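Participant: Coordinates only, no sequence provided:
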């Protein structure tokens, strides 16, 4: 299991915070410099972004996606074991190393596992692990990319799925009915947010959408919901 922590190069306090926690971790780990952008990259799909959301991604959201994509590319190219990708605003909870060991031993029954959920969501237990953990399937995903484990095959599929940039990285992971990966969330969580640290992505602020584009966006969201329901019934036998 390779652990990689995404962090802006100048965020020395955050790096010290993470390095102090990783001292007792038995897995190899390293920092990956986060990507900063101040212009839309060539892969940015303006038309798709406006169809689905009605406003542009922020520089921070684009940089966050590009940072994760860089690691997906490395993981897929290495074609070795699973990778654990962490952001630098978290704290490790008891059981973190043991949970990673269990996930590594059980690779094959899942593609990507979040180590915490950003929002509370209902779901069901899909797989039990030794040590009391359970892999939860959430029809509406709990969001967030604070920490997750993925396989090289999943990294490759996400890399292909996000080759056109028009949604934040957590949205891309959440739409499992499109990229068809088994995306679960570990329960209980083994990481949490560090309350003294705040996101460096920034905010878009409030945006008011014109009525007609907003209506078309709602229609597309309804179609996406139908796709999700059909996928869940076919794969999991549940209408959720």
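Facilitator: Structure's in. What do you need? Just so it is clear, the structure is predicted and the values come from calculations on it, not from any experiment.

Participant: Considering helices and strands only, name the one in the protein with the lowest mean pLDDT.
Facilitator: Lowest by mean pLDDT, DSSP states H and E among the helices and strands of the chain is helix 211-236, with a mean of 78.

Participant: For it, which helices and strands make contact with it?
Facilitator: Applying 3 or more CB pairs under 8 Å, 6 or more residues apart in numbering; DSSP states H and E, we find helix 211-236 packed against helix 46-52, helix 176-179. C-beta coordinates here come from the backbone N, C-alpha and C atoms, glycine included.

Participant: next SSE after the longest one?
Facilitator: Put plainly, it is helix 46-52. helix 59-78 (DSSP states H and E).

Participant: Report the buried residues of that next one.
Facilitator: The neighbour-count check on helix 59-78 (16 or more other CB atoms under 10 Å) flags 60-72, 75-76 as buried.

Participant: low pLDDT regions in this protein?
Facilitator: Counting by pLDDT under 70, the chain contains low-confidence residues at 197-217, 239-240.

Participant: what ranges do the strands span in it?
Facilitator: 2-7, 29-33, 83-87, 90-92, 112-114, 124-128, 134-137, 147-150, 183-187, 191-193 (DSSP state E).

Participant: what packs against the fifth one?
Facilitator: Of the remaining helices and strands, those touching strand 112-114 by 3+ CB pairs under 8 Å, 6+ apart are strand 147-150, strand 183-187.

Participant: Turn these into JSON lines, including distance to residue 226 and mean neighbour count.
Facilitator: Shown next, in JSON lines, are the helices and strands packed on strand 112-114 (distance: least, CB to CB, whole Å; neighbours: other CB atoms under 10 Å):
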{"stretch": "strand 147-150", "distance to residue 226": "27", "mean neighbour count": "25"}
{"stretch": "strand 183-187", "distance to residue 226": "19", "mean neighbour count": "24"}
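
Participant: Can you lay out these as CSV showing distance to residue 113?
Facilitator: As requested, the helices and strands packed on strand 112-114 are exported to CSV (distance: least, CB to CB, whole Å):
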stretch, distance to residue 113
strand 147-150, 5
strand 183-187, 5
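
Participant: Got phi/psi on the one residue sitting closest to the centre of the chain?
Facilitator: In the chain, the residue lying closest to the centroid (CA atoms, centre = their mean) is residue 145, at 3.7 Å. Per-residue torsions, residue 145: phi -130, psi 30 (degrees, to the nearest 10).

Participant: measure it to residue 170 for me?
Facilitator: 5 Å (CB to CB, to the nearest Å).

Participant: Then residue 129?
Facilitator: Counting by CB to CB, the gap from residue 129 to residue 170 is 23 Å.

Participant: related to what we said a few turns ago, so which of the strands of the chain gets nearest residue 166?
Facilitator: Closest approach to residue 166 among the strands of the chain (CB to CB): strand 183-187, 19.3 Å.

Participant: what's the spacing between the closest one and its chain's center?
Facilitator: Centre-to-centre, strand 183-187 and its host chain are 11 Å apart (CA atoms, centre = their mean, to the nearest Å).

Participant: Over to stretch 110-117?
Facilitator: Distance, stretch centre to chain centre, for stretch 110-117: 8 Å (CA atoms, centre = their mean).

Participant: and if you look at stretch 11-28?
Facilitator: On the basis of CA atoms, centre = their mean, stretch 11-28 sits 20 Å off its chain's mean C-alpha point.
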